[in-house]
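Trainee: Show me how the following folds:
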Amino acid sequence: MQRTIIFIFMTFFVLNTQAQKAIIPLYEDTIPGNKITGIKEKRDNSKSGSAVISNITEPELWWFPARTDTARPAIIICPGGGYRYEAYEHEGKQVAEWLSDMGYQAFVLKYRLPDENLFSEATYIPLADARQAIALVRKMAKSLGTNPKKVGIMGFSAGGHLAASASTLFNHEIPYAKTGDLVRPDFSILIYPVISMTDELTHKGSREALLGNNPSQKLIDLFSLEKQVSEETPPTFILHAADDRAVPADNTRTYAKALRQKNVNVKEIILPEGGHGFGFREESPAFEWTTHLAEWLHETGK
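Mentor: This next block holds a predicted model:
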């Protein structure tokens, strides 16, 4: 009932303003995996000068509607933050506004972070939320104005790891989530992503937050996504800056190579400079990523 009321409210304002943002709860009733409720979210600007959010126990989709009356492709955006917080402005809302201006139904995913104090089976909580988001956008396609056969997922840094996890592990059984075509994205967009959990390539902070201090080799292999690519992995746009000192660009190179070996369509771009975490910062020398992505979306009919 609550979601129905929210959608009636959203539909009214979207039809009348074509610019209204709306918040959609990811789960209707009980949120699976939560140990406790009533935790207050934390928001601040202390992480690299970016607006960030943490302590999330009520996951949501923030909808930035396309300015069109026809069904449009959807893109679900996963902000980064090392699986410890989410940079929801320059790796979330600003990107969504840009995509909605281009005619996409854009959604920022406020996903739960892998905190063992808050969640059971905490390692799998972000991926469960990502799968739920994909399934929800498909199920609510008519109300949201989305094309259920063109639902993509996008991620930055650790959010890129989450998006790549959704793109490779959709048939892998995990707690609290469905498997199969309903939760498989139709395409993925990965910007300076963490891909591997191996010692040679990983971002150690992301691995520690997601897998813990002493993960098993089985868990490391499962979430080293270059090892999980298959022929069913969706077409992928992947981009990195060569001078990224936080997440080595070899994460992108290794994943792109694995995609090509499985004959998956991939657009790989390594920019000469930009560092890490540039997101939608127009002053960055890597801001040209937006032009490359727009061209790829247009050329591939996404």
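
Trainee: Okay, helices next: where are they in the stretch 101-250 of the chain?
Mentor: 125-139, 141-144, 158-168, 204-211, 217-222, 250-261 (DSSP state H, counting those that start in this stretch).

Trainee: what does the first one contact?
Mentor: When you say that, I think you mean helix 125-139. 24, 26-27, 32-33, 59, 61, 74, 76, 78, 83, 105, 107, 109, 111-114, 119, 144, 146, 148, 151, 153, 162-163, 165-166, 169-170, 174-178, 182-185, 210 (CB atoms under 8 Å, 6 or more residues apart in numbering). For the C-beta atoms, the positions are set from N, CA and C on the backbone; glycine is no exception.

Trainee: switch the cut-off to 6 Å
Mentor: With contacts defined as CB atoms under 6 Å, 6 or more residues apart in numbering, helix 125-139 is touched by 26, 33, 59, 61, 74, 76, 109, 111-112, 114, 119, 146, 148, 151, 162, 165-166, 176-177, 182-183, 185.

Trainee: and the angle for it with helix 158-168?
Mentor: Computed by axes from the mean of the first three to the mean of the last three CA atoms, to 10 degrees, the angle separating helix 125-139 from helix 158-168 equals 60 degrees.

Trainee: Just want the angle from helix 125-139 to helix 204-211.
Mentor: Using the same axes, to 10 degrees: helix 125-139 against helix 204-211 is 80 degrees.

Trainee: oh, and call the first residue 293 from now on, that's how I've got it
Mentor: With 293 as the first residue, the last one maps to helix 417-431.

Trainee: Run the chain-centre distance for helix 417-431.
Mentor: With CA atoms, centre = their mean, to the nearest Å as the basis, helix 417-431 stands 10 Å off its chain's centre.

Trainee: List the buried residues in that helix.
Mentor: Residues 417-430 are the ones in helix 417-431 that count as buried (16 or more other CB atoms under 10 Å).

Trainee: Tell me the one among those residues nearest to Val344.
Mentor: Pro418 (15.5 Å; CB to CB).

Trainee: Starting from Met394, give me the distance back to that closest one.
Mentor: 27 Å (CB to CB, to the nearest Å).

Trainee: what does Ala456 give?
Mentor: Distance from Ala456 to Met394, by CB to CB: 23 Å.

Trainee: which residue ranges form the strands in the stretch 393-542 of the chain?
Mentor: 397-402, 438-448, 479-483, 528-533 (DSSP state E, counting those that start in this stretch).

Trainee: So for Ile562, which of those strands sits nearest?
Mentor: Ranked by CB to CB, the member of those that lies closest to Ile562 is strand 528-533, at 5.5 Å.

Trainee: Just the CA trace of that closest one, in PDB.
Mentor: Extracted in PDB, the C-alpha atoms of strand 528-533 (Å, rounded to 0.1, in the frame of the first residue of the first chain):
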ATOM      1  CA  THR A 528      30.000  -3.300 -21.100                       C
ATOM      2  CA  PHE A 529      31.400   0.200 -21.200                       C
ATOM      3  CA  ILE A 530      34.400   0.400 -18.900                       C
ATOM      4  CA  LEU A 531      36.700   3.400 -18.300                       C
ATOM      5  CA  HIS A 532      39.700   4.200 -16.100                       C
ATOM      6  CA  ALA A 533      42.400   6.800 -15.800                       C
END
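
Trainee: Show me what the mean pLDDT comes to for it.
Mentor: Taken as a whole, strand 528-533 has a mean pLDDT of 98.

Trainee: Stretch 365-384 too?
Mentor: For stretch 365-384, the mean pLDDT works out to 97.

Trainee: still on that earlier bit, so between Ala456 and Met394, which is more surrounded?
Mentor: For Ala456 versus Met394, neighbours defined as other CB atoms under 10 Å are more numerous around Ala456 (29 against 16).
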